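Colleague: Mind looking at a prediction? Sequence and model below.
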Amino acid sequence: MAINNPAFRNAGFQRGGGAATQQPNMTAEQLQQMYDQPAATAAQTDRMTVEDTLGKSVIAFGILLVGAAIGWFVPALAIPAAIIGFVLALVNIFKKEPSAPLVLAYSAVQGVFVGGISGIFETIYPGIVSQALIGTVAVFGVTFALFASGKVRASKKATKVFMIAMISYAAFSIVNIILMVTGVNDDPWGMRGAEIMGIPFGLILGVLVVIMAAYSLVLDFDFIKRGSENGLPRKFGWTGVFGVVMTVVWLYLEILRMIAIARD
């Protein structure tokens, strides 16, 4: 059967015709040189790797910081940047093939938005930006350490709960904005300003949202890990970068709002 199979008619499968029989005997020194050669890079294999995705993330966050600096000094750009960022987020989410320019553009615009909002909050609550940054780095670092150690992993059940919580939170946020815009609720934080046993509802909700954002990071890390293990095309590393940038920005804004509510 093997002889009649066209796939085995290649010289490499024939006795006496294989490449191995035609190769000269290699010395121990030549074998050692072969094994000492560096492994192929992601660019050479065109496959997604954790290291390559990490490099892309550094670039994206560097651009985000540049945008944040611009927004910090020109806070008026925050609202236009928020609108453009929302559109770019939808494009990146629903686009079948990841695009590096679109992900980097999203990072830049989100940076302008975050910088503008941060500048406004810093004027009202001096020192709040540094506190929010420390909180964001702490949550990110702890989540990454737990994931890297294998103590935290994404699961189907947890992901279902996460999706339900996300939809519920999105519905709450929309209703809250409508109540504030229409004047039904004149509290600066809307329903978040309501107190439960003396504690602002925004603080209680904020803790839950930070946990949600942390699990979202776990999902992002899990995608990057599985994509690298399964040998996805290198370009899908940008999908992982987009997810991490989006989650970190969300996490930072939630912590910023929590601290502002607490200081009020």
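Modeller: Structure received. Note that the structure is predicted; figures quoted are calculated from it, not measured. Residues are numbered from 1 along each chain as shown.

Colleague: And Ser149, its phi and psi?
Modeller: Dihedral pair for Ser149: phi -80, psi -10, per degrees, to the nearest 10.

Colleague: With Pro233 instead?
Modeller: phi -60, psi 150.

Colleague: Equivalent analysis for Pro200, please.
Modeller: Torsion angles, degrees, to the nearest 10, at Pro200: phi -60, psi 140.

Colleague: what about it, distance to Val207?
Modeller: 11 Å (Cβ to Cβ, to the nearest Å). In short, each C-beta sits where N, CA and C put it, glycine included.

Colleague: more crowded one of these two?
Modeller: Shown here are Pro200 and Val207; by other Cβ atoms under 10 Å, Pro200 has more neighbours (19 against 12).

Colleague: Just confirm that one contacts Pro188, I think it does.
Modeller: No - checked against Cβ atoms under 8 Å, the pair Pro200 and Pro188 is beyond contact range at 11.3 Å.

Colleague: which residues are common contacts for those two?
Modeller: Asp264 (Cβ atoms under 8 Å, 6 or more residues apart in numbering).

Colleague: Give me the distance between the two termini of stretch 70-87.
Modeller: One end of stretch 70-87 sits 20 Å from the other (Cα to Cα, to the nearest Å).

Colleague: Which parts of that stretch count as buried, going by neighbours?
Modeller: Going by neighbour count (16 or more other Cβ atoms under 10 Å), the buried part of stretch 70-87 is 71-72, 75, 77-78, 81-82, 84-85.

Colleague: For this protein, name the helix or strand with the lowest mean pLDDT.
Modeller: Within the chain, confidence by mean pLDDT, DSSP states H and E is lowest for helix 19-22 among all helices and strands, at a mean of 44.

Colleague: Nearest residue to Ala158 in space, please, no chain neighbours.
Modeller: Counting by Cβ to Cβ, 6 or more residues apart in numbering, Ala158 lies nearest to Tyr215, which is 6.7 Å off, once chain neighbours are set aside.
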